[in-house]
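[1] Coordinates only, no sequence provided:
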């Protein structure tokens, strides 16, 4: 008995309940049934009408014979058999489908029309083919993929990211389109990073990921679209550096991106719909509104699939946090440009700004690296083949006195004596002839360690922390200065810092070299 039959059986039993439970004597049953036949009743199909006396008697008799199950409707004797179309026609259609599983309903009907002068509707034909097990799926002739649901048991096991068109904003007096870059956690549906931008390229992708990594750490897997920006070498290098498995969606295969697309749909219906209905916002107002909506609405409201709010599920599934050292990742996302150092001004030009370069690099081709999101005050310089770090370039104005004087220093006394070399070689030759062997080594020992040198420089520059007061790039430049200055001591460093203006590492290095030559 199915649900519908059970509903009708309960209805008839409720009408006949006085007879079923003996509330009315059996000799008065006819009077009760006649009374019920004269009244209107609300039937399970939603209509109000009267039940005939013969129907009530039949239902009472059926219940007394077989109980509740006897009130169920009897199935048709021809149930499952075709009543409108000939069986031979149906068999022919099944045969045609099995002969060529990819044969369409239009082609099958052409065969049927030629033989039976009749056709089958597409839905009717499919029903018959499904009953006979002759569909493409049953005949194993479909290329449709078997889908699986993206799911993870822990937070940060898998992140999904993508771009989506956003509302227009007011920027410099003009209405410009925005793009939403978002990354969500698969386990909790928590948005680890979501922000609007005015373009969609590698700079935007790197900014979103760096913000997410700085706040939440790294995920074990990262699932992205198949767009060109997601195949950038910088992104692949960063994922290898952080031991993140990078997964790309297949070409023309949209369903696997359902989770991030669902997030975008929620954002459009709940947040962007209100933004578009109101006055146009500025870029900062739009991002502040998105952050407020995520915190107070999206992350706090239970998800329809998980049954928990993203914030609660995020905290429950947080079994590990893989902290990211951004100093190792940032260089991978730096923008790169080739420039030639000006022979006269000893500088390079980038985005309309000039950067001071070591005069010894004049006329050389260099590779310039810079952070596209940081203030453009300093750039990193590498050799043309990008294998040697050359130092930094500070932003400056082309004006008199911007560069330290470039007059050649007075030639100092040569450190290496050619005459002594000749005498030494002559002595070695004489000793070899007399079978004598003499090994002599000169070990030069530095009296002032590099750590003390860096700490003293930090104190002179007003920085606290010793070695930690400098960035990795500055420490690398200091190491080169320390290695070049064999006679470096505290007094020499103090003089160089005092004379340097501005007090930057390249200018201090210049004065150190000048003072060293003067001392020698």
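    The structure has been received and is ready for your questions. What you see is a predicted model, and the numbers here were worked out from it, not measured in a lab.
[2] need the helix or strand of this protein with the lowest average pLDDT.
    The helix or strand of the chain with the poorest confidence is helix 418-433; it has a mean of 76 (mean pLDDT, DSSP states H and E).
[3] In it, which residues are buried?
    Within helix 418-433, no residue counts as buried by 16 or more other C-beta atoms under 10 Å. Where C-beta positions appear, they are placed from N, C-alpha and C, glycine not excepted.
[4] contacts for the helix or strand just after that helix?
    On the C-terminal side of helix 418-433, the closest following helix or strand by DSSP states H and E is helix 450-460. Counting contacts by C-beta atoms under 8 Å, 6 or more residues apart in numbering, the residues outside helix 450-460 that touch it are 464-467, 469-470, 475, 478-479, 482, 488, 490, 493-494, 497, 508.
[5] Looking at these, state which has the most neighbours.
    Using other C-beta atoms under 10 Å as the neighbour criterion, residue 508 leads those with 23 neighbours.
[6] show me what contacts the nearest residue to that one once chain neighbours are set aside?
    Among residues not flanking residue 508 along the chain, residue 500 sits closest, at 4.7 Å (C-beta to C-beta, 6 or more residues apart in numbering). By C-beta under 8 Å, 6+ apart, the contact list for residue 500 reads 507-508, 510-511.
[7] With residue 162 instead?
    Residues near residue 162 by C-beta under 8 Å, 6+ apart: 182, 224-225, 257, 260-261, 264.
[8] From those residues, list just the buried residues.
    182, 224-225, 257, 260, 264.
[9] So, low pLDDT: which residues of the chain?
    Scanning the chain for pLDDT under 70 picks out the ranges 1, 74-83, 141-150, 251-257, 373-374, 386, 400-413, 432-446, 520.
[10] which SS class is residue 113?
    What DSSP: H, G, I helix; E, B strand; the rest coil gives for residue 113 is helix.
[11] which non-adjacent residue is nearest it?
    In space, residue 113 is closest to residue 119, 5.5 Å off (C-beta to C-beta, 6+ apart).
[12] Check residue 264 too.
    Distances taken as C-beta to C-beta, 6+ apart put residue 164 closest to residue 264, at 4.4 Å, once the chain neighbours are dropped.
[13] What is the burial count for that neighbour?
    A count of neighbours around residue 164, defined by other C-beta under 10 Å, yields 20.
[14] in the sheet, who's paired with it?
    residue 180 (DSSP bridges).
[15] change the start of the numbering to 280 and stick with it
    Shifting the count to begin at 280 puts that one at residue 443.
[16] residues contacting it?
    By C-beta under 8 Å, 6+ apart, the contact set of residue 443 is 458-459, 461, 543, 546-547.
[17] Next, format these as TSV and append distance to residue 573.
    Formatted as TSV, the contacts of residue 443 follow (distance: C-beta to C-beta, whole Å):
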residue	distance to residue 573
458	17
459	11
461	10
543	13
546	9
547	14
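[18] quick one: the helices in the stretch 530-679 of the chain?
    Shown for the stretch 530-679 of the chain, the helices assigned by DSSP state H, counting those that start in this stretch span residues 537-546, 552-556, 562-572, 589-595, 605-608.
[19] hmm, I was thinking of the stretch 330-479 of the chain
    All helices of the stretch 330-479 of the chain, identified by DSSP H, counting those that start in this stretch, fall at 332-345, 366-378, 384-395, 401-410.
[20] Summarise which helices and strands the longest one is packed against.
    It refers to helix 332-345. The contact analysis (3 or more C-beta pairs under 8 Å, 6 or more residues apart in numbering; DSSP states H and E) places helix 332-345 against helix 282-294, helix 308-316.
[21] Just give me how far the helix or strand just after the shortest one sits from the chain centre.
    Looking back up the chat, that one is helix 308-316. Downstream of helix 308-316, the next assigned helix or strand under DSSP H and E is strand 319-321. Mean-position distance between strand 319-321 and its chain equals 61 Å (C-alpha atoms, centre = their mean, to the nearest Å).
[22] Starting from strand 319-321, tell me the next helix or strand along the chain.
    Downstream of strand 319-321, the next assigned helix or strand under DSSP H and E is strand 327-329.
[23] Sheet-wise, list the partners of that following strand with their directions.
    Strand 327-329 is paired, per DSSP bridges, with strand 319-321 (antiparallel).
[24] Name the nearest of the contacts of residue 441 relative to residue 331.
    residue 540 (57.1 Å; C-beta to C-beta).
[25] Just say helix, strand or coil for residue 760.
    Assigned state for residue 760: helix (three-state reduction, three-state DSSP).
[26] show me the contacts for residue 660.
    The neighbours of residue 660, taking C-beta under 8 Å, 6+ apart as the test, are 636, 640, 645-648, 668-672.
[27] that older thread, you'd agree the residue nearest to residue 392 is up against residue 390?
    No: when contacts are counted by C-beta atoms under 8 Å, residue 398 is not listed as touching residue 390 (9.8 Å).
[28] For these two, indicate the residue with more neighbours.
    Comparing residue 398 with residue 390 by other C-beta under 10 Å, the one with more neighbours is residue 398, at 19 against 16.
[29] can you give me phi and psi for that one?
    phi -130, psi 170 (degrees, to the nearest 10).
[30] The spatially most central residue of the chain - nearest residue in space that isn't next to it in sequence?
    Compute the mean C-alpha point of the chain, and by C-alpha atoms, centre = their mean the closest residue is residue 440, 2.8 Å away. Spatial nearest neighbour of residue 440, excluding adjacent residues (C-beta to C-beta, 6+ apart): residue 462 at 4.1 Å.
[31] Could you do residue 642 as well?
    In space, residue 642 is closest to residue 622, 4.9 Å off (C-beta to C-beta, 6+ apart).
[32] Now the phi/psi pair for that neighbour, please.
    For residue 622, the backbone dihedrals (degrees, to the nearest 10) come out as phi -70, psi -30.
[33] Correct me if wrong: residue 625 contacts residue 638.
    Yes: in this structure residue 625 lies within contact range of residue 638 using C-beta under 8 Å: 4.6 Å.
[34] Pick out whichever of these two has more residues nearby.
    More crowded of residue 625 and residue 638, by other C-beta under 10 Å: residue 625, with 18 against 14.
[35] Check the spacing between the more buried one and residue 439 real quick.
    Using C-beta to C-beta, to the nearest Å, one gets 49 Å for the distance from residue 625 to residue 439.
[36] again with residue 382
    Applying C-beta to C-beta, the value for residue 382 to residue 439 is 40 Å.
[37] Look at the two and report which has more neighbours.
    Between residue 382 and residue 439, counted using other C-beta under 10 Å, the more crowded position is residue 439 (26 against 16).
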